[in-house]
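1. Got a predicted model here, sequence first, then my questions.
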Amino acid sequence: MEMATKIMAKLKRKILIGLLAVMIVFSNNTGITEELKNNESYLPRVASLNLCADAYLMAFAKSEQILSLTQQSSDPTLSAFAEEASNFPISSGRLSDILQQHPDIIIINNYSPPPNDALMDKLGIKILKLEASNSYQSARTEILVLGKALNRLEAAKAYLAKLDKELTEAQHSKRTNRPSIINYQRRGIVVGENHILDDIIHLAGARNLGRDTERTIGPMSLEKLIRLQPDYVLSISEKDKRIHNSEDRGSEILSHPALQKMFGAEQHIYIPQNLTVCAGATTPKAVAHLVNSLRSSRLNAKTRQILE
């Protein structure tokens, strides 16, 4: 989560710099006409500055509509669709470069600086802001908003039905006894309610004990974690399962003897980071991964008990 925040901050700075250059370069662009916008066959061209929107564009926009995706879309540690993104142009993230593509729509997020509305109006460009959804339900709404903006609403609805079906299938084998899970990160940080991970844990049929912090994200002492007695500790990547790097002081707590004693290998599960950056497109995959991890962990524990 820290990595995703830093990336969005860098993107914000790039957009702000680019905006200053744009006022000179594109003062003569008159944009598209209202008559064209109202045409049922009109397919606006889009440039994305929103990593979470990239997956939607690849899923239901026409390929000729996609002018560029974010740089992060091609990073497999952040995007579960990096392979698909390699088939599309990748932007520099600078607004001046993006405007040279003459987009009809630029998709931003809540990390982006406020656009110059007067300039965008003069250029005939629509700024579509999609918030960073923290739940599958809120992402569903954004998918339909984007589908309408792209004049691809029916395709967006079909895509959403596909996601809903995948999620239902992923939940089919979830446990009925709702095991307790906590995502314990570097420096003792845990995630609570209104967080993407909280939504994934809930949809997978488990309980997030991080809600005890009464914050979306915040610290929890090792003593409190031990008192809560979670059934599983969830890590964001496979790397977290390894012994901590001695040079990384923040991760020391993850290999504390008390944690090692309290949680066996079967109680430590992980989920790839690229399934936790955005809610929506990856939610069914994330839920399926977590459900399968819980099932495998339970089976491994039973096998070990039999062998003992």
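-> Alright, I've got the coordinates. Residues are numbered from 1 along each chain as shown.
2. how does the protein divide up, domain by domain?
-> Structurally, the chain divides into domains by automatic domain parsing as follows: 2-132, 173-307.
3. Kindly present the ones you listed as JSON lines, with separate columns for distance to Glu166, mean pLDDT and mean neighbour count.
-> C-beta here means a position set from N, CA and C on the backbone, and glycine is covered the same way. Output for those, formatted as JSON lines (distance: least, CB to CB, whole Å; pLDDT from 0 to 100; neighbours: other CB atoms under 10 Å):
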{"stretch": "domain 2-132", "distance to Glu166": "12", "mean pLDDT": "80", "mean neighbour count": "17"}
{"stretch": "domain 173-307", "distance to Glu166": "4", "mean pLDDT": "78", "mean neighbour count": "17"}
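4. now those as TSV including distance to Leu150?
-> Converted to TSV, the domains of the chain look like this (distance: least, CB to CB, whole Å):
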stretch	distance to Leu150
domain 2-132	5
domain 173-307	15
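5. Out of those domains, the one nearest Leu146 is which?
-> Taking CB to CB, domain 2-132 is the member of the domains of the chain nearest to Leu146, at 5.4 Å.
6. which residues of the chain fall in strands?
-> Shown for the chain, the strands assigned by DSSP state E span residues 46-48, 66-68, 105-108, 126-129, 180-183, 189-191, 207-208, 217-219, 232-235, 268-270.
7. Ala149 is nearest to which of the ones you listed?
-> strand 126-129 (5.4 Å).
8. which helices and strands does the closest one pack with?
-> If you count contacts as 3 or more CB pairs under 8 Å, 6 or more residues apart in numbering; DSSP states H and E, strand 126-129 packs onto strand 105-108, helix 117-123, helix 136-149.
9. Could you measure from the most centrally placed residue in the chain over to Pro115?
-> Central residue of the chain (CA atoms, centre = their mean): Cys278, 1.3 Å from the mean position. Separation of Cys278 from Pro115 (CB to CB, to the nearest Å): 22 Å.
10. on that earlier part again, now for the closest residue to the residue nearest to the centre of the chain other than its chain neighbours: which residues touch it?
-> Sequence neighbours aside, Cys52 is the residue nearest to Cys278 in space, at 3.7 Å (criterion: CB to CB, 6 or more residues apart in numbering). For Cys52, the contacting residues are 109, 130, 132-133, 139, 277-281, by CB atoms under 8 Å, 6 or more residues apart in numbering.
11. which one of those is nearest Ala149?
-> Using CB to CB, Leu130 comes nearest to Ala149 of the contacts of Cys52, at 9.5 Å.
12. quick revisit: between the helices and strands packed on strand 126-129, which one is closest to Lys224.
-> Set against Lys224 and scored by CB to CB, the helices and strands packed on strand 126-129 come closest in helix 136-149, at 28.8 Å.
13. how about that closest one: buried residues?
-> By neighbour count on 16 or more other CB atoms under 10 Å, the buried set for helix 136-149 is 136, 139-140, 142-143, 145-147, 149.
14. Same check on stretch 154-169?
-> Within stretch 154-169, the residues that count as buried by 16+ other CB under 10 Å are 156, 159-160, 163, 167.
15. quick one, what contacts the nearest residue to Leu163 once chain neighbours are set aside?
-> Among residues not flanking Leu163 along the chain, Pro284 sits closest, at 5.8 Å (CB to CB, 6+ apart). For Pro284, the contacting residues are 163, 166-167, 169-170, by CB under 8 Å, 6+ apart.
16. Now do the same contact list for Glu84.
-> Met58 are the contacts of Glu84 under CB under 8 Å, 6+ apart.
17. Now do it against Ala59, distance only.
-> With CB to CB as the criterion, Glu84 and Ala59 are 9 Å apart.
18. And Lys129, how close does it get to Asn110?
-> Distance from Lys129 to Asn110, counting by CB to CB: 7 Å.
19. Hmm, Leu57 and Glu64 touching each other?
-> No: contact criterion CB atoms under 8 Å: Glu64 and Leu57 do not qualify, at 11.8 Å.
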